[in-house]
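Novice: here is a sequence with its predicted model. Questions after.
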Amino acid sequence: MAPVVQIKDIHKIYDSGEIPVHAVRGVSLDIHRGEMVALMGASGSGKSTLMNVLGCLDRPTRGTYLLDGINIGELDRNELADLRNQKLGFVFQGFNLLARTTALENVELPMLYGRHRKHSSKEIRQRAMHCLDIVGLANRHDHFPNQLSGGQQQRVAIARGLVNEPQVLLADEPTGNLDSRTSVEVMGVFQKLNEQGITIVMVTHELDIASYCKRNLILRDGVVVRDEPVPNRLIAEHETRKLKEAEAAAKLIAHNAA
Amino acid sequence: MRFTNTFRVALRALRRNTMRSILTALGIIIGVAAVITMVSIGNGAKAMVEAQVASLGQNLITVMPGSFSSGGMRSGFGFSPTLFPEDFDAIAADVEDIDGASPEVRDSQQVLANGLNWRTNVNGVGPDYPYVKNWPLTAGAMFSDQEVKSLAKVAVIGKVVAEQLFPNEDPVGQNIRIRNLPFRVIGVLGPKGVTPWGSDQDDIVLVPYTSHMRRISRRTSVSSIQIQASTPETIDKVKTAVEDLLTQRRRGREPDFIVRTQEELANTFTATNRTMTLLLACIASVSLIVGGIGIMNIMLVSVTERTREIGIRLAIGAHGKDVLTQFLIEAVLLSTMGGVMGVLVGIGASQLVAQYMGWPILVSTLSVIIAVSFSASVGVFFGFYPARKAAQLDPIDALRYE
């Protein structure tokens, strides 16, 4: 089966300043269905630029990018928007939910654009509820983002990313704004989705987060310097259990001391 | 994105900043309210003038003395003694398509009756006068041709005079004294109200013009001749016939009379009125434009504030067109709601003006429709630039915007 993401010798040069910035210098990459890839690198390594290209938000200066067999270099602005709507799901570092809009309506948002506009509002509602159920927030569907914790907001964002059944779920530092406990929780959601066959690509600079993934890519100065499978992959479920035990122990000690 | 959804999103965005939305719409509200009120006042005034002009009589043609020169000295229009009862007789006898005609000799006299007295207009007229002026009697009858010919001392009095001189009794059959001569009251005129130029038409005593000229004013000329054409279509024909006849009677002398139709009179009033309405509408339009700029300003602020939201929408697949529609609908909604509010405020203000200033008011449906659709197009016009700005944002930049 052909890889869902096929990148060949991609370059991205920013021309806006006085000196052109060569952010990505020749990256080639295949990502197959069912993979869970962490894209790592220090800031300035070009990982965000690569992520924008992968997300069809930006076009490469040179090189080709085939997403699910479609050459995105040949698409115009609106066709790219449709492609993002249908083939990609986005999870952002800052959650980027619409304020004063319920969790359910946030999840419905991608279905209001693109090919789904012909769905009835009842179908849209059902699908959105289903996705909220997957991330375990069905009971909070009528809450506004400011009534949800960071982890819950990110799970709503993941549900929004899933709602159009994308080929690839792209996450840009999905745990960047979360504490370690909630990060594990969110990684648990990603791992569960990945087990169900959803391809996930995430950008992170945290090594422990990357070790929940199946494959790690390290970028430096716009080139891939390391591409390897994760040897001792962490399983979120086990980590959560360990954390819970540790917390219980801490409470016990605190209780005894008192 | 479906229209209902876009509509809901726009409504929610406006509700989020209720105070700001109201203040923004205020410009439009004031503009539209001003237009509605001004046009209502203008229409009311126009309707009143039209009603008053119509009350003067129908298909009315007035012959007035023109300028004449005597020994090199030229008089002005209207006051020179150039129209005579013979002119009236000639018109009544020779001009076709007239339903009635009457001369009018105007004077002001002290009238006595019952130990009361009252200074009023004492006019000498012909028997056709009430008919020509569309002015029915409420009691008694008008004097006849016979009474005109015989210089009878009879009078028909207006409502005001009846009230002043005969507060408690029926004036018909009573005597009034004008210039110390007794005149028998044979009729009372119905109420007619105030003329467009402000004089009370009911403050009047009518006597046969012959009696007036011989016994009261001792004048030889008449103040005017009122003619009623049989149909509106014949007005111009009658006017020409009267002009020709009088010119012929002047035997080559310079025409010393003017013939005016009622229409010409009404036109003067409506023209003044139209100018005023137009002027006020211009002022109101300026405030609508200012209101529109307010909307544009707030929409630009809104686009900047919601850059991230726009970024999210673009990233998950909104087309530029979807974002454009969203913001455009928001602007149109804002201005249309302002327009509707403005109409309500305008109607309310018109009612207040009607109640407290006593001005006649006529709220026209057309002005309401025009005002609302104009405010909607203000929304489209001034909302387009901010909406396009939002639609053209780059999703990456928009998402990164803090």
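Specialist: That came through fine.
Novice: phi and psi next, for the nearest residue to residue A:77 once chain neighbours are set aside.
Specialist: Taking CB to CB, 6 or more residues apart in numbering or on different chains, and ignoring the residues beside it in sequence, residue A:77 has residue B:320 as its nearest neighbour in space, at 6.8 Å. Just so you know, the C-beta spots here come from the backbone N, C-alpha and C atoms, and that holds for glycine as well. Residue B:320 has phi and psi values of phi -50, psi -40 when expressed as degrees, to the nearest 10.
Novice: tell me which element residue B:152 falls in.
Specialist: Under the criterion DSSP states H and E, no helix or strand holds residue B:152.
Novice: and it, how many residues sit next to it?
Specialist: Applying the criterion other CB atoms under 10 Å in any protein chain shown, we find 18 residues in the vicinity of residue B:152.
Novice: contacts only, for the residue nearest to residue A:77.
Specialist: With contacts defined as CB atoms under 8 Å, 6 or more residues apart in numbering or on different chains, residue B:320 is in contact with A:77-78, B:314, B:391-392.
Novice: so what's it scoring on pLDDT?
Specialist: Note for residue B:320: predicted pLDDT of 90.
Novice: please apply the same query to residue B:76.
Specialist: With respect to pLDDT, residue B:76 has a value of 60.
Novice: so where's chain A shaky on pLDDT?
Specialist: For chain A, the stretches flagged by pLDDT under 70 are A:115-118, A:253-258.
Novice: residue numbers of it in contact with chain B?
Specialist: A:52, A:55, A:57-58, A:77-78, A:81-82, A:84-86, A:90, A:92, A:96, A:98, A:100-101, A:109-110, A:112-114, A:117, A:160, A:164 (CB under 8 Å from any CB of the partner chain).
Novice: tell me what the longest helix belonging to chain A is packed against?
Specialist: In terms of residue count, the longest helix belonging to chain A (DSSP state H) is helix A:236-257. Using 3 or more CB pairs under 8 Å, 6 or more residues apart in numbering or on different chains; DSSP states H and E as the contact definition, the elements that helix A:236-257 packs against are helix A:180-195.
Novice: what angle separates the helix it packs on from helix A:236-257?
Specialist: Using axes from the mean of the first three to the mean of the last three CA atoms, to 10 degrees, the interaxial angle of helix A:180-195 with respect to helix A:236-257 works out to 160 degrees.
Novice: make sure residue B:189 is actually in contact with residue B:139.
Specialist: No. Residue B:189 sits out of contact with residue B:139 when judged by CB atoms under 8 Å, with a separation of 9.1 Å.
Novice: so these two - more neighbours on which side?
Specialist: Each of residue B:189 and residue B:139 had its neighbours counted (other CB under 10 Å), and the higher figure belongs to residue B:189 (27 against 16).
Novice: separation between that one and residue A:71?
Specialist: When CB to CB, to the nearest Å is applied, the distance between residue B:189 and residue A:71 equals 96 Å.
Novice: same question for residue B:360.
Specialist: Computed with CB to CB, the distance linking residue B:360 and residue A:71 is 74 Å.
Novice: mind telling me what element the residue of chain B found nearest chain A is part of?
Specialist: Proximity to chain A, evaluated over chain B using CB to the nearest CB, is greatest for residue B:317 at 2.4 Å. Mapping residue B:317 onto the secondary structure by DSSP H and E places it in no helix or strand at all.
Novice: spatially nearest residue to it (excluding sequence neighbours)?
Specialist: Closest residue to residue B:317 apart from its sequence neighbours, by CB to CB, 6+ apart: residue A:85 at 2.4 Å.
Novice: pull out the buried residues from the host helix or strand of that neighbour.
Specialist: For residue A:85, the enclosing helix or strand under DSSP H and E is helix A:77-87. Residues of helix A:77-87 classed as buried under the neighbour-count rule (16 or more other CB atoms under 10 Å in any protein chain shown) are A:80-87.
Novice: make CSV from those residues and add distance to residue B:209 to it.
Specialist: Below are these laid out as CSV (distance: CB to CB, whole Å):
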residue, distance to residue B:209
A:80, 94
A:81, 90
A:82, 92
A:83, 97
A:84, 95
A:85, 92
A:86, 96
A:87, 100
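Novice: pick the one among the residues you listed closest to residue B:42.
Specialist: Each of the buried residues of helix A:77-87 was scored against residue B:42 by CB to CB, and residue A:81 proved nearest at 51.6 Å.
Novice: check contacts around the closest one.
Specialist: When contacts are counted by CB under 8 Å, 6+ apart, residue A:81 touches A:113-114, B:314, B:317-319.
Novice: these: which two are farthest apart?
Specialist: Using CB to CB, those reach their maximum pairwise distance at A:114 and B:314, which is 12.0 Å.
Novice: compare these two (neighbour count), which wins?
Specialist: The residue with more neighbours, out of residue A:114 and residue B:314, is residue B:314; 27 against 20, by other CB under 10 Å.
Novice: quick check: closest non-adjacent residue to that one.
Specialist: Using CB to CB, 6+ apart and skipping the chain neighbours, the partner closest in space to residue B:314 is residue B:395 (3.9 Å).
Novice: show me what contacts that neighbour?
Specialist: Contacts here follow CB under 8 Å, 6+ apart; on that basis residue B:395 touches A:57, B:311, B:314-315.
Novice: how does it look with 10 Å?
Specialist: Each residue near residue B:395 by CB atoms under 10 Å, 6 or more residues apart in numbering or on different chains is listed here: A:52, A:55-58, A:77, A:80-81, A:84, B:310-316, B:318.
Novice: list only those of these flagged as buried.
Specialist: For these, buried by 16+ other CB under 10 Å: A:52, A:55-58, A:80-81, A:84, B:310-316, B:318.
Novice: hang on, residue B:307 packs against residue B:397?
Specialist: Yes. If you go by CB atoms under 10 Å, residue B:307 and residue B:397 touch, sitting 8.1 Å apart.
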